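Undergrad: I'll drop the sequence and a predicted model, then ask my questions.
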Amino acid sequence: MSTQKIFFSYSRADSPFALTLAKDLREAGADIWIDQLDIPAGSHWDAAVEKALNSSAYVLVILTPSSTASTNVMDEVSFALESGKKIIPVLLEDCLAPFRLRRLQRIDFTSDYTTGFSQLIISLNLSLGSDGKVGGLPVENTQMEASTPVASAKEDQDRERRDNAHWEEACKLNTIAAYRKYMNENPAGSFKEEAMLMIKQLEVEQKEDELEALLWKKAKHEHVRNIYEHYLQEYPQGNYKTLALAAIAEFDKAEKEEARRLQEIAQQQERERAQKAKEEKEKADQLERERAQKAKEEKEKADQLERERAQKAKEEKEKQLQAEREKAQRDKEERERQLQVEKEKAQKAKLERDKELALEKEKAQKAKEEREKQLQAEREKAQREKEEREKQKQQEKEKALLLKQQQKEKALAERQANGGNETTSGGSKKYIFIGAGILILGLGIWLMTKGGPQKDDRTSWKEAMQKNDSTAYAQYMAAFPEGKYFDAAKGRIDSLYWAEKAIKDSLAAIQNLAVAETTPTTTETTPPVETTPEVVQTPVTTKAPETNTKAKPNNTAAKPKPTTTEKPKPTTTPPGKIALGQSYGGGIVIYVNAKGDHGMIVSSKEVGSVDYEKAQKICAAYKVGNISGWRLPSKDELNIIYQNRKHLGEYTKGNYWSATEEGKNSAMVQNFSNGNQSKSNKSSSCAVRAVRPF
């Protein structure tokens, strides 16, 4: 048997004992396999264990509490039993052996290693070593002394044979009585401790069998499915497992049969309900057909009566329609005559409006040409100033060159006076270069101090912004035709032009209104669509005057009221020259023309957070003493106020309303924190300042 492989199955907690036993068995000539010694490095552990189990004839199981609780050990034991391999239980510590190993003879190592090892050697049919040792142990430790007399040895052998025979008989019976009989007959037998352990195990098994029998008896008595399932749960490998499974199968069959029977009953009831519903539906359909037939007959009678009434009504209606057609024909002829008269009136009004529009366009074109001429004159003036500056620079350059030449001649005369030699061309050239450098440096210093530095784009723009008049902006445009602020300068010129024109128009409107109040006018001859020429002053190419027209409803003189209780005081030309920021006319002068006799006044007070309609009303009702005629500024006038905002003192850093409308629900506003103009809904809340011309 030593040539057949022995597989060691043990718990990792029992490694020291397992390694010692494996080494001793190898020295005794046994072919053993143990994972800690026989799995090469890098090999897969599961595959190596499975391969060793398949190739081994014996499985040596070391029984301890830790090994019986190990899943790996129990799996190896189950595999060995299923494969028909012989199992050798080695009891290292007292424990309850697995159910399938309880009837196998065990080798006891609990009390003495030498005794247990000797029994293992005998069971494996291994021979002793030539040096009188088994697995490195002395022969005297095996309790077999070769030096005893022949008679004592024979008695010991007989006693051992009897002991072995009694033990084998007890193991065959494997009952508590057989093991007790062995202990009584052999009180000093070699297997006394094993017999006691087997008695304990059989008593435990007997108790378990009794509990199992009681549970099975209860299951059979009550014959309930859940008790059978409880039995299988407690004893999955019990003695009555097959009967319990059969009983559960009967329950399953009965439940299926009952479910089928209930299903058939339900189907039968459903068929009966369907049949009954079908019969009731047929009865209801019959009653419905009878009611429908009766209703049809009544309807035919009613239809006949209705047709007769309809015929009579039709005849009466035809008579009435004939009368209405005759009346409509007369009305139509009357309307056509009236429409013809209205068309003739409208045609005349259209011709008059076309004439007025043509005149307004001509006036706007003239204003545009006049503005372009003014811009051209300002550009020419700026160009002349620029040419004058360039001419002056050229003269200064010529003067510098003349000075340079004079210095050269003076230097040459000094060298000749000092008896200098001009043969050394290198030295003269050196002095010439030095003199030229000094002259150039002096010319640069003179230009920086006298001629002044060349102004850049941004500096010129700041100066134009400080002056804030058309001439300053035109000079900037002439000096920097490709400048960064060229378009802004052009826009400022247009804005100043339209603001000045709006002020003039406002003054003219006030004067016209004053004249209209003193002179009786006939309002019947004025068409409802006519407006004064001063209102529409927009050239065709610009959009600002169009919005300005909407923004000045109070400046038109098309509909003067012949009877007004409050007569606005005409603005007279102020004495002297008015300056920006001056308190005058009930407010602050925010714009003044070049002569200083006309301009625009902004209210010194403002109202914040009101909507557009309220802003219009506030400006119209604004009054300082006896000074009235205030209104909401247009977007161009508002832009002038923003540019000269430093004269306002305290003001809101936010949006201000303008009178320029953008559609039905929007108007233009300007943000006084950054100068941006944008469109805002009329329901929004913005600040307000009123203006008036002077």
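TA: Sure thing, it's come through.
Undergrad: biggest helix in the protein, by residue count?
TA: In the chain, taking DSSP state H as the definition, the longest helix is helix 241-417.
Undergrad: Rounded mean pLDDT for that one, please.
TA: For helix 241-417, mean pLDDT rounds to 91.
Undergrad: quick one: contacts for residue 227?
TA: 215, 218-219 (C-beta atoms under 8 Å, 6 or more residues apart in numbering). Where you see a C-beta, it was placed from the backbone N, CA and C, and this is true even at glycine.
Undergrad: Same list (those residues) but as JSON lines, adding neighbour count.
TA: Converted to JSON lines, the contacts of residue 227 look like this (neighbours: other C-beta atoms under 10 Å):
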{"residue": "215", "neighbour count": "19"}
{"residue": "218", "neighbour count": "14"}
{"residue": "219", "neighbour count": "22"}
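Undergrad: Using TSV, lay out those together with distance to residue 359 and secondary structure.
TA: As requested, the contacts of residue 227 are exported to TSV (distance: C-beta to C-beta, whole Å; DSSP: H, G, I helix; E, B strand; the rest coil):
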residue	distance to residue 359	secondary structure
215	122	helix
218	123	helix
219	121	helix
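Undergrad: Quick check: phi and psi at residue 601.
TA: When read as degrees, to the nearest 10, the backbone of residue 601 gives phi -110, psi 140.
Undergrad: how close does residue 78 get to residue 408?
TA: Counting by C-beta to C-beta, to the nearest Å, the gap from residue 78 to residue 408 is 123 Å.
Undergrad: So for these two, which residue has more residues nearby?
TA: Using other C-beta atoms under 10 Å as the criterion, residue 78 and residue 408 rank with residue 408 on top: 15 against 12.
Undergrad: buried ones in stretch 469-489?
TA: Neighbour counts over stretch 469-489 (16 or more other C-beta atoms under 10 Å) mark 470-480, 483, 485-486, 489 as buried.
Undergrad: per-domain residue ranges of this protein.
TA: 5-213, 240-411, 486-693 (automatic domain parsing).
Undergrad: Comparing these by mean pLDDT, which bottoms out?
TA: Among those, domain 486-693 carries the lowest mean pLDDT, at a mean of 74.
Undergrad: re the thing from before, which among the buried residues of stretch 469-489 gets closest to residue 365?
TA: residue 470 (20.0 Å; C-beta to C-beta).
Undergrad: quick one: contacts for the closest one?
TA: 374-375, 378, 493, 496-497.
Undergrad: at 6 Å what do you get?
TA: Contacts for residue 470 (C-beta atoms under 6 Å, 6 or more residues apart in numbering) come out as 493, 496.
Undergrad: Over to residue 34?
TA: Residues near residue 34 by C-beta under 6 Å, 6+ apart: 8, 22.
Undergrad: how near is it to residue 685?
TA: Note on residue 34: its distance to residue 685, by C-beta to C-beta, is 95 Å.
Undergrad: hang on, the earlier thing: can the domains of the chain go into TSV with extra columns for distance to residue 227?
TA: Formatted as TSV, these follow (distance: least, C-beta to C-beta, whole Å):
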stretch	distance to residue 227
domain 5-213	13
domain 240-411	9
domain 486-693	84
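Undergrad: closest to residue 234 out of these?
TA: Comparing the domains of the chain by C-beta to C-beta, domain 5-213 comes nearest, at 7.8 Å.
Undergrad: From the opening residue of that closest one to its closing one, how far?
TA: This stretch, domain 5-213, spans 42 Å end to end (C-alpha to C-alpha, to the nearest Å).
Undergrad: Same question for stretch 686-694.
TA: First-to-last distance for stretch 686-694 - C-alpha to C-alpha - comes to 26 Å.
Undergrad: Quick check: which of the domains of the chain is nearest to residue 463?
TA: Nearest to residue 463 among the domains of the chain is domain 486-693 (11.7 Å), distances taken as C-beta to C-beta.
Undergrad: Okay, the spatially closest residue to residue 678 that is not a sequence neighbour and residue 635: tell me how far apart.
TA: The shortest distance from residue 678 to any non-neighbouring residue, by C-beta to C-beta, 6 or more residues apart in numbering, is to residue 669 (6.2 Å). Going from residue 669 to residue 635 by C-beta to C-beta gives 8 Å.
Undergrad: Same question for residue 508.
TA: 21 Å.
Undergrad: And those two? Which one has more around it.
TA: residue 635 (23 against 16).
Undergrad: contacting residues for that one?
TA: Neighbouring residues of residue 635 by C-beta under 6 Å, 6+ apart: 658, 660, 668.
Undergrad: Looking at neighbours, which among the residues you listed is most surrounded?
TA: Among the contacts of residue 635, residue 658 has the most neighbours (other C-beta under 10 Å), with 29 neighbours.
Undergrad: how far away is it from residue 666?
TA: For residue 658, the distance to residue 666 - C-beta to C-beta - is 11 Å.
Undergrad: between the two, what contacts are shared?
TA: If you check residue 658 and residue 666 against C-beta under 6 Å, 6+ apart, no residue is contacted by both.
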